[in-house]
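Enquirer: Kindly generate the corresponding structure for this input.
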Amino acid sequence: MITDEGKGLPYFRAERLSDGEWVVRKGDKAILSALVLPDSSSTWLALEARANALSLWWQEEGGIDDLPLQLDVLGKLRQKLA
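Expert: Residues are numbered from 1 along each chain as shown. Modelled structure (predicted):
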């Protein structure tokens, strides 16, 4: 498999467990503790960073008003990984 991990952000993945706790599956655990997740993160399932992308998985709840909070957390994640 060819990857471009060395060309961008380091790989990071955190997942929310069924009990509501977050666990870092790959990457620096300090990154997650440095992020202040909003109350709406209770409907989020995972945060992931790859060399060329940031991803957020969430349950089909909420609405357009949640997007600014999601973008803010993804921006902070990018800053912490850079």
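
Enquirer: dump the residue contacts of Ala49.
Expert: Contacts for Ala49 (CB atoms under 8 Å, 6 or more residues apart in numbering) come out as 9-13, 27, 55, 77-78, 81. Where you see a C-beta, it was placed from the backbone N, CA and C, and this is true even at glycine.

Enquirer: are any of those residues buried, and which?
Expert: Buried members of the contacts of Ala49, counted by 16 or more other CB atoms under 10 Å: 9, 12, 27, 77, 81.

Enquirer: Between the residues you listed, which sits nearest Asp66?
Expert: Leu77 (16.2 Å; CB to CB).

Enquirer: other SSEs contacting the helix or strand hosting that closest one?
Expert: Under the criterion of DSSP states H and E, Leu77 resides in helix 67-81. Helix 67-81 is packed against helix 29-34, strand 44-50, strand 53-58, with contacts defined by 3 or more CB pairs under 8 Å, 6 or more residues apart in numbering; DSSP states H and E.

Enquirer: which of those is buried the deepest?
Expert: Comparing these by mean neighbour count (mean count of other CB atoms under 10 Å), strand 44-50 comes out on top with a mean of 19.
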